[in-house]
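> this one's structure only:
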């Protein structure tokens, strides 16, 4: 049986769109659900009973990309997490599960000239006096980026600091001109 044939009877609703877009979604899971998902990701033939993971009072603090598992594995996980999973078909169970658990994929912000950044704490002799400061990337360098720091109230001149890429947190993409 084809993996997609399970979903042929899915109603045309907003939840059905979530099933079609599962590769672009991020799903929030509890600890036990996340462990079950990792098993299903590596062994798609594994079996979890319907309702086995339902009723666990765990925070949904684990995130899993929608493309981490096959549709069949997602349907099995959804059925295991659904209290009435044995009364619903796979399509309805997965659609309900995704509607409750999906979060939009966060865009990845790249280090580019004009990006707004924050400097993460670095290990420096005498301490890092620029940790937590914000600024804008103004120039590239083989060792990282030059960041034009926002002026504090006490500063009288603009400072530009060379910062390694690993110590930069991108806050916002470059502004369009």
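In hand now; what should we look at? Just so you know, these numbers come straight off a predicted model, no measurement behind them.

> count of residues packed around residue 36?
Using other Cβ atoms under 10 Å, residue 36 has 21 other residues around it. No exception for glycine: its C-beta is placed from N, CA and C like everyone else's.

> for residue 19, same thing?
Residue neighbour count, defined by other Cβ under 10 Å, stands at 23 for residue 19.

> roughly how far out does the top strand by length along the chain sit from the chain middle?
Secondary structure of the chain per DSSP state E: the longest strand is strand 134-141. Distance of strand 134-141 from its chain centroid, counting by Cα atoms, centre = their mean, to the nearest Å, is 26 Å.

> again with stretch 34-53
That offset, for stretch 34-53, works out to 21 Å (Cα atoms, centre = their mean).

> looking at it now, give me its mean pLDDT.
Mean pLDDT, computed over stretch 34-53, is 83.

> list the buried ones in that stretch?
Within stretch 34-53, the residues scored as buried using 16 or more other Cβ atoms under 10 Å are 34, 36-37, 40, 48, 50-51, 53.

> for the longest strand of the chain, packing partners?
With contacts taken as 3 or more Cβ pairs under 8 Å, 6 or more residues apart in numbering; DSSP states H and E, strand 134-141 sits against strand 116-119, strand 144-149, strand 160-163.

> can you rerun that using 10 Å?
Secondary-structure packing of strand 134-141 (3 or more Cβ pairs under 10 Å, 6 or more residues apart in numbering; DSSP states H and E): strand 116-119, strand 144-149, strand 160-163, strand 168-172.

> so what's residue 64 up against?
25-29, 33-34, 37-38, 41, 74, 77, 101 (Cβ atoms under 10 Å, 6 or more residues apart in numbering).

> and it, helix, strand or coil?
Assigned with DSSP: H, G, I helix; E, B strand; the rest coil, residue 64 falls in the strand class.

> quick one: it and residue 169, what's the gap?
Computed as Cβ to Cβ, to the nearest Å, the residue 64 to residue 169 distance reads 23 Å.

> swap in residue 54?
For residue 54, the distance to residue 169 (Cβ to Cβ) stands at 38 Å.

> check residue 29 too.
Distance of residue 29 to residue 169, given as Cβ to Cβ: 26 Å.

> tell me which of these two has more neighbours.
residue 29 (21 against 13).
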